[in-house]
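A.B. asks: Okay, here's the prediction I keep looking at, along with the sequence it came from:
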Amino acid sequence: MTTAAKDPVLARNRRARFEYFILEALEAGLELVGTEVRSLREGHSQLTDAYVRIERGEAWLLGVHIQPYSHGNRHNHDPARPRRLLLHRREIDHLAGAVRQPGVTLVPLDLHLRRNRVKCEIGVAKGKRQVDKRQAIAAAEARRDMQRALRRHVVGGSVGR
């Protein structure tokens, strides 16, 4: 399931789609404290080195850094603490089975709001080789060149005269 256009994205892991093939994605809730939610709404989070681990039948989001809330007090949260993901039992079992395959891992793709609840989109991912990354870069450059050429043609050209 992907995030809808109306759901505001709080943080995005752009490296994940470059480093991995995303085989499957699903949405999970996050167990957060109040100051974490406020800090996320301000946009103070980082997902770059984050990953998901299944331990003792629970899914945990590790490596996410959420800065302490700017107007918080001594009860502010620990920025790098592990956060539990809220999933159904069969979803956790499905993810645990997927991770047992060689080369497959779980990575967070983004944090977003859905009906005022913070959700995490998790991707079941398989690592890309260097050749695959080069192909992705070449495709992105070709796409940019086409957009540039179209923009130059429409803006600077004599279209419709």
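C.D. replies: Happy to help now that I have it. Numbering: from 1, shown residues only.
A.B. asks: Specify the beta-bridge partners of residue 114.
C.D. replies: residue 117 (DSSP bridges).
A.B. asks: so it touches residue 8, yeah?
C.D. replies: No - Residue 114 is beyond contact range of residue 8, at 9.4 Å (criterion: CB atoms under 8 Å). Using the backbone N, CA and C atoms, a C-beta is placed for each residue, glycine as well.
A.B. asks: which of these two has more neighbours?
C.D. replies: Between residue 114 and residue 8, counted using other CB atoms under 10 Å, residue 114 has the larger neighbour count: 14 against 10.
A.B. asks: Local confidence estimate at that one?
C.D. replies: We have a pLDDT of 90 for residue 114.
A.B. asks: again, but for the one 10 residues further on
C.D. replies: The model reports residue 124 with a pLDDT of 93.
A.B. asks: cool, and residue 3?
C.D. replies: Residue 3 carries a pLDDT value of 52.
A.B. asks: now swap in residue 67 and tell me
C.D. replies: Reported pLDDT for residue 67: 86.
A.B. asks: Residue 81: what secondary structure?
C.D. replies: coil (DSSP: H, G, I helix; E, B strand; the rest coil).
A.B. asks: Sketch out the low-pLDDT regions of the protein for me.
C.D. replies: 1-5, 155-161 (pLDDT under 70).
A.B. asks: residue closest to the middle of it?
C.D. replies: residue 109 (1.8 Å; CA atoms, centre = their mean).
A.B. asks: What helix or strand is it located in?
C.D. replies: Using DSSP states H and E, residue 109 sits in strand 104-114.
A.B. asks: That strand packs against which elements?
C.D. replies: strand 9-12, helix 14-19, strand 20-30, strand 51-55, helix 89-99, strand 117-127 (3 or more CB pairs under 8 Å, 6 or more residues apart in numbering; DSSP states H and E).
A.B. asks: mind saving the C-alpha coords of the second one as CSV?
C.D. replies: Extracted C-alpha coordinates of helix 14-19, given in CSV (Å, rounded to 0.1, in the frame of the first residue of the first chain):
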residue,chain,number,x,y,z
ARG,A,14,15.2,8.6,-0.5
ARG,A,15,18.3,6.4,-0.3
ALA,A,16,16.2,3.3,0.2
ARG,A,17,14.8,3.3,-3.4
PHE,A,18,18.3,3.9,-4.7
GLU,A,19,20.0,1.3,-2.7
